[in-house]
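Chemist: Need a 3D model of the sequence below.
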Amino acid sequence: MSTQPGATATGARQRLLLVVLAGALVLALALALRPLVLNRERPTAAPTATTAASAAASTTTSTVVLGGSDPQLQATKDPFRPLVTPAAASAASTPTTVQGAVPGAGTGTATTPGGGVTAAEHKVVLADIVSQSGGRVAKVTVDGTAYTVSEGETFAGDYRAVDIGSSCATFESGTTPFTLCEGEAVLK
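Modeler: Numbering: from 1, shown residues only. Below is the predicted model:
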């Protein structure tokens, strides 16, 4: 049996090609895994899990370090916090209480379907109707400020007492009439 010179050269080339390919594969894996190995050596802050409810209640911003000490890769924005907060949201979060409210009249604030108290609306409460020598007067509060008004009298800007009955009264806000009975409240 004789060996052919071309067969051993081809086998040696194949082995050399396999060694080069294996070396290239090892080098590619080393380059791909290098960031993972290097990040283990440097301690970094772990991202904090935050729920939407706790993020809304929190006023601080958490920093998540994404790329070690590289300032371009650090994120400081809270993804659960809106970029712009309307002024109505802060007004709606602080409920107004009416001084001297009638028992059973209820408490709380009314809001519009959009979620906030609109700037043009005021909370009007008919606290009491009292008979006096000149007729009846209504004790009304507008956003917590008390007024004692008689029929035809304008109060709190553009509100007017139109008709005061024994337990209910009709008012106008601009040109829009509304009726309240003792202890009732409305946003107008």
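
Chemist: pLDDT at residue 153, what is it?
Modeler: You'll see residue 153 listed with a pLDDT of 94.

Chemist: how many other residues sit next to it?
Modeler: Neighbours of residue 153 under the rule other C-beta atoms under 10 Å: 14. Heads up, the C-betas are built off the backbone N, CA and C, glycines and all.

Chemist: For it, list the residues it contacts.
Modeler: Counting by C-beta atoms under 8 Å, 6 or more residues apart in numbering, residue 153 makes contact with 160-161.

Chemist: same thing with residue 172?
Modeler: Neighbours of residue 172 in contact, by C-beta under 8 Å, 6+ apart: 159-160, 162, 178.

Chemist: Filter those down to just the ones in strands.
Modeler: Cross-referencing the contacts of residue 172 with the strands (criterion: DSSP state E) gives 159-160, 162, 178 as the overlap.

Chemist: Tell me the spacing between residue 137 and residue 188.
Modeler: Separation of residue 137 from residue 188 (C-beta to C-beta, to the nearest Å) stands at 20 Å.

Chemist: how is the protein carved up into domains?
Modeler: According to automatic domain parsing, the chain comprises the domains 5-75, 99-187.

Chemist: which stretch in these has the least confidence?
Modeler: Ranked by mean pLDDT, the domains of the chain bottom out at domain 5-75, with a mean of 66.

Chemist: which strand residues sit across from the residue nearest to residue 154 when sequence neighbours are not counted in the sheet?
Modeler: Once flanking residues are discounted, residue 154 sits nearest to residue 160: 4.8 Å by C-beta to C-beta, 6 or more residues apart in numbering. Going by DSSP bridges, residue 160 is paired in beta bridges with residue 154, residue 172.

Chemist: From here on, call the first residue 372.
Modeler: All set: I'll call the first residue 372, so the last point we hit is now residue 531.

Chemist: How many neighbouring residues does residue 531 have?
Modeler: The burial metric for residue 531, expressed as a neighbour count using other C-beta under 10 Å, is 18.

Chemist: what's it in contact with, if anything?
Modeler: 523-525, 542-543.

Chemist: separation between it and residue 541?
Modeler: Distance of residue 531 to residue 541, given as C-beta to C-beta: 10 Å.

Chemist: dump the residue contacts of residue 502.
Modeler: Residue 502 makes contact with no residue under the criterion C-beta under 8 Å, 6+ apart.

Chemist: what is it paired to in the beta sheet?
Modeler: When bridges are taken as DSSP bridges, the partners of residue 502 come out as residue 507.

Chemist: And it, how far from residue 493?
Modeler: According to C-beta to C-beta, residue 502 and residue 493 sit 27 Å apart.

Chemist: which SS class is the closest residue to residue 556 other than its chain neighbours?
Modeler: Counting by C-beta to C-beta, 6+ apart, residue 556 lies nearest to residue 496, which is 4.3 Å off, once chain neighbours are set aside. Three states are possible here, and by DSSP: H, G, I helix; E, B strand; the rest coil the one that applies to residue 496 is strand.
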